[in-house]
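**Student:** I would like the atomic coordinates for the input below:
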Amino acid sequence: MMPDPKTILIVKGDARSSIGARLNQLALDDMAYTIAGSEKKSIILSTLRKLWKAEDNRFSHQFAFEARLGNQTLGMVTCYPVTLLKRLAWPTFKQLLIHRKLGLIGYNLQHLKSLYSMIILKEGDNDEFHIGTIATLPESRGLGIGTRLLEFAEKQAISHGFTKCSLTVRKENILAFKMYERMGYRITGEINKPAFSLYRMAKVLACNRI
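**Tutor:** Predicted coordinates for the structure are as follows:
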């Protein structure tokens, strides 16, 4: 029997959560290779798990919210002001370097296009509240969890005084793109890098409408 979506709660990310790192991995897809400096799933998951448990990095539980049914986490979103996201870039890199050391350096020296694409990536404007990662477990899709998480992130944006919420989505991720469009997000730009192509999308929030 499918659970009632009304019984799904959105709660603050927990450092002890066993699923937060996996959800970040699902959200990042192959961009996680550059971040973790490896294409091995075990290394990527281990690296993201360390970031999840720590603070002051963009993949931390500190900036995450989990969609839970009872004690089970079904989805997750990380969100923050773009200005904070920019400030987290260097601390995130330092933590990655500590965790992965020469593995991170060696992999990225062999994949300079991907590294270059990540370094120069502009995800949003300073007046925006940004959705960094969002994902749901494959077995929980169809319950409207993605929509609930987006709506929650938008409420967070409003509570922080923002009137715009932004995100990026891979051009080939048609299902996600359509969901964002349905939720009121519109293309504000394109990111065409050597390693990937993204749409930048933003939504003017209801608090700014007459």
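
**Student:** low pLDDT regions in this protein?
**Tutor:** Within the chain, the stretches with pLDDT under 70 are 1-6, 207-210.

**Student:** Let's see that with 50 instead.
**Tutor:** Across the chain, the ranges flagged by pLDDT under 50 are 1, 208-210.

**Student:** Longest helix of it, counting residues only.
**Tutor:** For the chain, the helix reaching the highest residue count under DSSP state H is reported as helix 145-159.

**Student:** contact partners of that helix?
**Tutor:** Helix 145-159 is contacted from outside by 5, 8, 10, 65, 67, 74-77, 79, 129, 131, 134, 136, 163-165, 179-180, 183, 203, 205-207, using CB atoms under 8 Å, 6 or more residues apart in numbering. Glycine gets a C-beta too; all of them are placed from N, C-alpha and C.

**Student:** Note down every partner strand of the helix or strand following it and its orientation.
**Tutor:** Downstream of helix 145-159, the next assigned helix or strand under DSSP states H and E is strand 164-170. As defined by DSSP bridges, the strand partners of strand 164-170 come to strand 129-136 (parallel), strand 197-204 (antiparallel).

**Student:** Weed out the non-buried ones from the contacts of helix 145-159.
**Tutor:** Buried members of these, counted by 16 or more other CB atoms under 10 Å: 8, 10, 65, 67, 74-77, 79, 129, 131, 134, 136, 163-165, 179-180, 183, 203, 205.
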